[in-house]
Structure formats: structure tokens, C-alpha cells
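1. Fold the following, please.
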Amino acid sequence: MASDLNGVKVAILAVDGFEQAELVEPQRALKAAGAQVHVISQKPGQIQGFKHVDKGDKVDVDVTLDSANAADYDALVLPGGVVNGDAIRLDAKAQSFVKEADQAKKPIAVICHGGWLPISAGIVAGRTLTSWPSLQDDVRNACGTWVDQEVQIDGNLITSRKPDDLPAFNQALIDALTSAPFERKDREPESRI
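-> Okay, here's the model as predicted:
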């Protein structure tokens, strides 16, 4: 039902080099469910997507990390892409955004190489997650447990491995937001007429 996520605000953090499907498909699924979705990046304008190693489409940036506030969002999506994942993990503002969302127990949906940012943000220790297989050593070195499965949910952390997992990943995020016990941002009272 399109109105299930009416009033829910979701942030997608990404920079140039994101895996196109891992940003665009969750964005589309969330909007179709009624959520408001903002792409947040280091610079205004557009960011460049990739389809594995080939350039894909550019995506409009809605808000910059300088002006974004994690408290304004109900959930966070971290798409993969090697270049994106490697670059954004070094951004102190992106790390703070992830830490704040995690401390507030907001759903954080991470796919593929997007797992590098939660590792660098220090929120992986003691948790079980999945990712692109090459990140398993990084997860273990951050004192997390790595598993190889389509979707892994550990508290507010929802993780998947690759674009093939997107249908299950998107559904897990929507399910978490539909049943979430938090106060949704800018939620309008539903009409009972």
C-alpha cells in the first residue's frame, strides 16, 4: 500500500562511484511505499553512479552532509560501489551521521561495499552482518561476525551482499519502517473518516 510509509523520511548517503542499482532501487521502493527520500552527499548537484565498473546514471543530490542532520530522518540507506564505499568511509560527517542514527536505533540498511562506512563509524563490533564477500575480513577485524546470506538483520542494522539481493533488502527495510516503534518525522495524523 502506497501510504504505509507516509510521513517517513529516509536518508541515502552516497558519493560519486555508488553502485547504481543499490541506490536507485531502494529509493524507488521507498518512494512507492510513500516515504520521502533524500540523497545526501558531500557536494550539491549530482553524483555519478556505476553499473559495476561502467559509468551509469547521475543522481540528484537533495541535501549536503554539511547541512544534513540525522535527527531529521527515520532511517538510513548506505548503498555500495567500491569507489563510493571507500571514499565515504573517510568522511567524518558521514561517520557521525551513521553513529547518531545507530544511537537512536533507527534502521540502517547497508548493502555491498556500503559496509565500510559502518565499520569506520565504529558500529559493527558485536554485531552480525553480511556484505560483499571481500569485506568479511574488515567486518571481523572490526569485531563483528560476517555471514553469507541474502539479508541479515541485527537489531536496527539490515545488511545485504549485492544487487541480486535488492528485492529482499528493500522488503526488509520497508518491513522495519512499517513496524518501527519510533516517532516518524513530519508524520501527519491519518484521517479516520
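2. how about low-confidence regions in the protein?
-> For the chain, the stretches flagged by pLDDT under 70 are 1-3, 180-193.
3. Provide a complete list of residue ranges assigned to helices in it.
-> Counting by DSSP state H, the chain has these helices, from start to end: 20-32, 82-88, 92-103, 116-121, 136-141, 166-178.
4. Pick the most deeply packed of these.
-> Mean neighbours per residue, mean count of other CB atoms under 10 Å, is largest over the helices of the chain for helix 116-121, with a mean of 25. (C-beta placed from N, C-alpha, C; glycine too.)
5. hey, C-alpha coordinates of that helix in CSV?
-> Taking C-alpha atoms only, helix 116-121 is exported to CSV below (Å, rounded to 0.1, in the frame of the first residue of the first chain):
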residue,chain,number,x,y,z
TRP,A,116,32.8,0.1,5.0
LEU,A,117,31.1,3.2,6.4
PRO,A,118,29.5,1.5,9.5
ILE,A,119,32.9,-0.2,10.1
SER,A,120,34.7,3.1,10.0
ALA,A,121,31.9,4.7,12.2
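6. on contacts alone, who are the packing partners of it?
-> helix 82-88, helix 92-103, strand 108-111, helix 136-141 (3 or more CB pairs under 8 Å, 6 or more residues apart in numbering; DSSP states H and E).
7. let's see 7 Å
-> helix 82-88, helix 92-103, helix 136-141 (3 or more CB pairs under 7 Å, 6 or more residues apart in numbering; DSSP states H and E).
8. Would you mind pulling the contact partners of it?
-> 78, 85-86, 88-89, 94-95, 98-99, 108, 110, 124, 135, 138-139, 142 (CB atoms under 7 Å, 6 or more residues apart in numbering).
9. Likewise for stretch 95-102?
-> So stretch 95-102 is contacted by 13, 65, 68, 70, 76, 108, 117-118, 120-123, 156 (CB under 7 Å, 6+ apart).
10. cool, and stretch 173-181?
-> Defining contact as CB under 7 Å, 6+ apart, one finds that stretch 173-181 is touched by 4-5, 8, 26, 29, 33, 74-75, 107, 109, 158.
11. and of those residues, the nearest to residue 146?
-> Using CB to CB, residue 158 is the member of those that lies nearest residue 146, at 15.0 Å.
12. correct me, but the closest one touches residue 114?
-> No - assessed by CB atoms under 7 Å, residue 158 is found out of contact with residue 114, at 11.0 Å.
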